[in-house]
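Asker: Structure, please.
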Amino acid sequence: MGTLTHPVLDAEDVVWLRDQEALPAAARVAALALGRRIGLDEQRCAEVALAVSEAATNLRRHAVEGSFLLRAVRTPSDAGLEFVTLDEGPGMADIAHALSDGTSTAGTLGIGLGTISRLADSFDLHSLPGRGTVLTARFWQREAAGRMAALGRPVVEGLTRTITGEEICGDAWAARRVPGNHLAEQASAPRPARDTRPARDETLGWAQLTGYRQPGTAGPVPGRGEAGPGGQALLVLLCDGLGHGPLAGRAAQAAVAAFRETRAEQPEAIMKHIHQALRGGRGGAVAVVRVEPGTGTLAFCGVGNVSTFVVDPATGTRRSLPSAPGIVGHQLPTLRTVRQELPGNSAVIMHSDGLTERWRAESMPGFLERTPLVAAAQLLREAGVRRDDAGVVVAKGCW
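Answerer: Next up, the predicted model:
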């Protein structure tokens, strides 16, 4: 199996903007303000503003029910700006053609998507013809861009969206690395037969098909050799604060803070720490996953209505990981850790009940071949509901 060498980013969803006449101007103003707040220089801010204007204008001219998310992303040493666009159609049948300069269906110069991809340090999109498109672009200061390119694309990403009419989201997620412990995992969990299907032929990749780099391709390629005890594991949290609004948001952020502060490294122990942190407040539904890339195994502990799946992209098969009934911070049940082996190149998907469980991976061909953020955004577009806060996290790539 692979080692965990890719970055784990913290993300702050700053503002969601809906499709309306003032969208391009509003998105541009918000992006400039955020870029300056996180320390991008004026030249980079101007490039961000141009890319944001192009993306928002595309939503207005070509898309149905478009929405635009602006957010900040951070590592311990750097901060960047990122935007995500989602729409409900009409989709793109030929992405490579759409990315080529001169392609337009509205009588313009047709340089929008190509401009965005050239200005961004990371750019990715996925489209389902007749249903909708997701696009993401990330911008760092130039020095930071080189460091991030060397690390490769993140292995876990997620996003949240508030219920209509609220400004504070009651869902939150976080991820962190911890020292790996594959010997303990081997002793505590049976090892089913490994998936021996041959890897998919990727001779014709993103760059060959589109003429543009795929995010992270300058970084190391995950191997599938054995990782030693000194490798790293990945912990992922998703919390759905009870109800919605400021009190739910406070509970979700308290769960994130407890997750980051605790020295516990196993899901059950982390859950107990979060339970103590949420006492006296709203409480919430919480799920914690620990992924061991060194052995391709997963440990899971969940309480309440958070959905967690392991999805094999080769077959579209998904396995549900069961959560126990209860409310973290109020009624903590007897905790149980579920341990499973991860199929090669599989994805771990976690989401709140702001997304329905009716989605199917096979109905969104290729979405798990994109970045975790694009996969998460496509799931939100496909299965999200407006009557509740929504949170979704996707981890994939190095097992």
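Asker: Could you use CA atoms for every contact and neighbour count after this?
Answerer: Fine.
Asker: What is the burial count for Ala30?
Answerer: Around Ala30 there are 17 other residues, counting by other CA atoms under 10 Å.
Asker: Using the three-state scheme, assign it.
Answerer: Under the three-state scheme (DSSP: H, G, I helix; E, B strand; the rest coil), Ala30 adopts helix.
Asker: Could you report the separation of it from Arg61?
Answerer: Distance of Ala30 to Arg61, given as CA to CA, to the nearest Å: 20 Å.
Asker: do Leu81 as well
Answerer: Look at Leu81 and Arg61: by CA to CA, they are 24 Å apart.
Asker: In terms of packing, which of those two has more residues around it?
Answerer: A direct count of neighbours by other CA under 10 Å for Leu81 and Arg61 places Leu81 higher, at 25 against 10.
Asker: Chain neighbours aside, what residue packs nearest to the more buried one?
Answerer: Among residues not flanking Leu81 along the chain, Ala72 sits closest, at 4.7 Å (CA to CA, 6 or more residues apart in numbering).
Asker: give me every residue that touches that neighbour.
Answerer: Counting by CA atoms under 8 Å, 6 or more residues apart in numbering, Ala72 touches Ala11, Glu12, Asp13, Val14, Leu34, Ile38, Ala79, Gly80, Leu81, Glu82.
Asker: In helices, which of those residues fall?
Answerer: Leu34 (DSSP state H).
Asker: And the contacts of Ala72, which is closest to Arg358?
Answerer: Using CA to CA, Asp13 is the member of the contacts of Ala72 that lies nearest Arg358, at 25.4 Å.
Asker: bridging residues for the closest one?
Answerer: Using DSSP bridges, the beta-bridge partners of Asp13 come out as Arg71.
Asker: what about it, how many neighbours?
Answerer: 18.
Asker: circling back: quick check: of the contacts of Ala72, which has the highest neighbour count?
Answerer: Glu82 (27 neighbours).
Asker: OK, contacts around the residue lying closest to that one once chain neighbours are set aside?
Answerer: Leaving aside its sequence neighbours, Glu82 sits nearest to Arg138 (CA to CA, 6+ apart; 4.2 Å). Contact analysis of Arg138 by CA under 8 Å, 6+ apart lists Gly80, Leu81, Glu82, Phe83, Ala120, Asp121, Ser122, Phe123.
Asker: check contacts around the closest residue to the last one other than its chain neighbours.
Answerer: Right, Phe123. Distances taken as CA to CA, 6+ apart put Ala137 closest to Phe123, at 4.5 Å, once the chain neighbours are dropped. Counting by CA under 8 Å, 6+ apart, Ala137 touches Glu82, Phe83, Val84, Ile116, Ser117, Ala120, Asp121, Ser122, Phe123, Asp124.
Asker: element containing the closest residue to Gly170 other than its chain neighbours, please.
Answerer: Once flanking residues are discounted, Gly170 sits nearest to Gly249: 3.9 Å by CA to CA, 6+ apart. In this structure, Gly249 is located in helix 246-261 according to DSSP states H and E.
Asker: Report the buried residues of that helix.
Answerer: For helix 246-261, the neighbour count (16 or more other CA atoms under 10 Å) marks 247-256, 258-260 as buried.
Asker: Give me the next element, helix or strand, following it.
Answerer: Scanning forward in sequence from helix 246-261 by DSSP H and E, the next helix or strand is helix 267-278.
Asker: Tell me who's in contact with Val310.
Answerer: Taking CA under 8 Å, 6+ apart as the test, what Val310 contacts is Arg318, Arg319, Ser320, Leu321, Leu342, Ser346, Ala347, Val348, Ile349.
Asker: Which pair of the residues you listed spans the longest distance?
Answerer: It's Leu321 and Ser346 that sit farthest apart of those, by CA to CA, at 14.3 Å.
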